[in-house]
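[1] after the sequence you'll find the predicted model.
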Amino acid sequence: VQLVESGGGLVQPGGSLRLSCAASGFTFSDYAMSWVRQAPEKGPEWVSSIRPGGNVVYYLDSVKGRFTISRDNAKNTVYLQMNSLKPEDTALYYCARDPRAANSDFSKYDYWGQGTQVTVSS
């Protein structure tokens, strides 16, 4: 199993980024997927989850209306579109496989990517 994130970078407040997570080594369409972030000197924070079919999604309250999770099962990829970014969104963003559809209980995730850095600063 391999999860590879990309799309991070430096963006000004109010800007946008789209993160991608390319999955391989398993039947992607069978699994829920999630995004988790970790800011400097803070613990991990669940951000969003999506069910295998892509029709059910969940969000951290502070990102609702700004972030959109989606997936393309034909491309084995999950995305996180981030709009209206704020400095407090600065973090290392990880995608993870969520075999139990545990959403915010990321102790139940079984595979994680290496992360992609998002920095929101003027």
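    Sure, I can see it.
[2] wait, isn't residue 25 in contact with residue 76?
    No. If you go by Cβ atoms under 8 Å, residue 25 and residue 76 don't touch, sitting 9.5 Å apart. Quick note: C-beta positions are derived from backbone N, CA and C, even for glycine.
[3] between these two, which one's more packed in?
    Set residue 25 next to residue 76 and count neighbours by other Cβ atoms under 10 Å: residue 76 wins out with 17 against 10.
[4] what's the closest non-adjacent residue to that one?
    Using Cβ to Cβ, 6 or more residues apart in numbering and skipping residues adjacent in sequence, the residue nearest residue 76 is residue 28, 4.2 Å away.
[5] OK, contacts around the one you found?
    Neighbour list for residue 28: 71, 73, 76 [criterion: Cβ atoms under 8 Å, 6 or more residues apart in numbering].
[6] which strand residues bridge the residue nearest the centre of the chain?
    Here the mean C-alpha position of the chain is nearest to the C-alpha of residue 35 (Cα atoms, centre = their mean), at a distance of 2.6 Å. Counting by DSSP bridges, residue 35 is bridged to residue 48, residue 95.
[7] ok, it - contacts?
    Taking Cβ under 8 Å, 6+ apart, one finds 19, 21, 46-49, 69, 78, 80, 93-96 in contact with residue 35.
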